[in-house]
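Chemist: Got a sequence here, can you build the structure:
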Amino acid sequence: MSEELRLEDLAGVGPVTTKKLNDAGIHNMMDLIVRGPVEIAELTGMDADTASKIVEKAREQLVEGGLIMKEFVSARDLLKRREQIGKITTSTECLDQLFDGGVETQALTEVYGEFGCGKTQFCHTMCVNVQRSKEEGGLEGGVLYIDTENTFRPERIVTIAQAQGLDPEKILDNITVARAYNSAHQMLILEEAGTLIKESNIKLIVADSAVGLFRSEYLGRGTLATRQQKLNRFVHTLVRLAETYNCAAIATNQVMSSPDTFFGDPTRPIGGNVVAHTSTYRIYFKKSGKKRVARMVDSPHHPEQEVIFALGEAGVIDPDSETKTKKATKVTKKVAKKPESKTVSETPESKTVSETPESKTVSETPDIDSESD
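Modeler: Sure thing, here's the model as predicted:
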């Protein structure tokens, strides 16, 4: 497969162009498809027509090899192809019902909500679940975690893996964390991800959060157009990576409060229509006391519905499983207290008190005997 994807096999791609492409993070034909002719022309300095021809030749060769889909296919063939799309279970009945079986590959799933609603906990849980066997709802693959807010915690991965009965060390070994310090670095990480996805069998790409750095760097209305252009490039690259390499993509998004909303929920996701149109599935997380509510806001085929979930040691969990855990903990505590109370009753002090003449006289009164009869 690697021989079929070599850049040198394409007509019009010489050693000089190959070096320029490699320096820009383009190492094979798949990367050409992901980046597109416009970006190829900018990186190499070639004219747009030449870049379009190179990308078109790469696409034709990938179609012949069966690595990407043809231009025209019947709806039946498309249905068969979609049946082969992988799904990653959330380990919960409620969220699996919302996602119709799990988070899909070849799609971008956007999760937005206010702080503390469970977005990062959901991402950590999916980092563990994607490594499960296919029989258990996983894809037996690795994870690329793009951390833009320094919220990734390996200790949390260990806790979730142990709660699910998995080996924490193996789980951690299959997670590649890339800490992004600015929006340009965040984009560079994604552009260089093609080789890593193939070598490490990456089946899940997480961007937590996708919009945070763009939001903090481009302030004010004067920079809004530039911010949206760069953000548009990032989310589209993320979608093309998911489609080309058959992996799932999850992007968390921040929110803002809309002051002109007089009725209903004023919470709005950041990124505007650029992110809204690019995301395949859009999920809204919100707090509801100690529980959490997940609502399917936008989807090509899922119905718009809400489910209730909770957060626990195993990550995202069903709300009833949290109740069962609490009841089991209370029963364990009561059982543990019984020997302690027995020991106290047998102390010399309590024994001396029970044998006092006064207490003995009370126990032998006729009234007490008549009540026991």
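Chemist: Flag the shaky bits of the stretch 151-300 of the chain, pLDDT-wise.
Modeler: 261-264 (pLDDT under 70).
Chemist: For the helix or strand containing residue 243, which residues meet the burial criterion?
Modeler: Using DSSP states H and E, residue 243 falls within helix 224-245. When burial is assessed from 16 or more other CB atoms under 10 Å, helix 224-245 yields the following buried residues: 227-228, 230-245. Just so you know, the C-beta spots here come from the backbone N, C-alpha and C atoms, and that holds for glycine as well.
Chemist: Check which helices and strands it is in contact with.
Modeler: If you count contacts as 3 or more CB pairs under 8 Å, 6 or more residues apart in numbering; DSSP states H and E, helix 224-245 packs onto helix 29-44, strand 107-112, helix 183-191, helix 193-199, strand 202-208, helix 212-217, strand 248-253, helix 272-278.
Chemist: and the most centrally placed residue in the chain, what element?
Modeler: Geometric centre of the chain, nearest residue: residue 123, 3.1 Å, by CA atoms, centre = their mean. Assigned by DSSP H and E, residue 123 belongs to helix 119-129.
Chemist: Give me the angle between whichever helix or strand comes after that helix and helix 183-191.
Modeler: Note on helix 119-129: by DSSP H and E, the next helix or strand toward the C-terminus is strand 142-147. Put simply, strand 142-147 runs at 170 degrees to helix 183-191, going by axes from the mean of the first three to the mean of the last three CA atoms, to 10 degrees.
Chemist: Report the buried residues of the very next helix or strand once past strand 142-147.
Modeler: Sequence-wise, the next helix or strand downstream of strand 142-147 (DSSP H and E) is helix 154-163. Neighbour-count burial for helix 154-163 flags 156-161, 163 (criterion: 16+ other CB under 10 Å).
Chemist: Could you single out the nearest of the residues you listed to residue 170?
Modeler: Among the buried residues of helix 154-163, residue 161 lies closest to residue 170 (CB to CB), at 8.4 Å.
Chemist: residue contacts, the closest one?
Modeler: Contacts of residue 161 were listed using CB atoms under 8 Å, 6 or more residues apart in numbering, and they are 128, 167-168, 171.
Chemist: what's across from residue 248 in the sheet?
Modeler: Per DSSP bridges, the residues bridged to residue 248 are residue 107, residue 204.
Chemist: What is the neighbour count of it?
Modeler: 27 (other CB atoms under 10 Å).
Chemist: Please apply the same query to the one 5 residues further on.
Modeler: The local packing of residue 253 (other CB under 10 Å) involves 26 other residues.
Chemist: these two touch, right, it and residue 208?
Modeler: No. Counting by CB atoms under 8 Å, residue 253 does not reach residue 208; the two are 9.7 Å apart.
Chemist: Save the helices and strands packed on helix 224-245 as CSV, and put in distance to residue 21 too.
Modeler: Putting these into CSV (distance: least, CB to CB, whole Å) gives the following:
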stretch, distance to residue 21
helix 29-44, 6
strand 107-112, 25
helix 183-191, 11
helix 193-199, 11
strand 202-208, 21
helix 212-217, 26
strand 248-253, 23
helix 272-278, 25
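Chemist: That'll do, ta.
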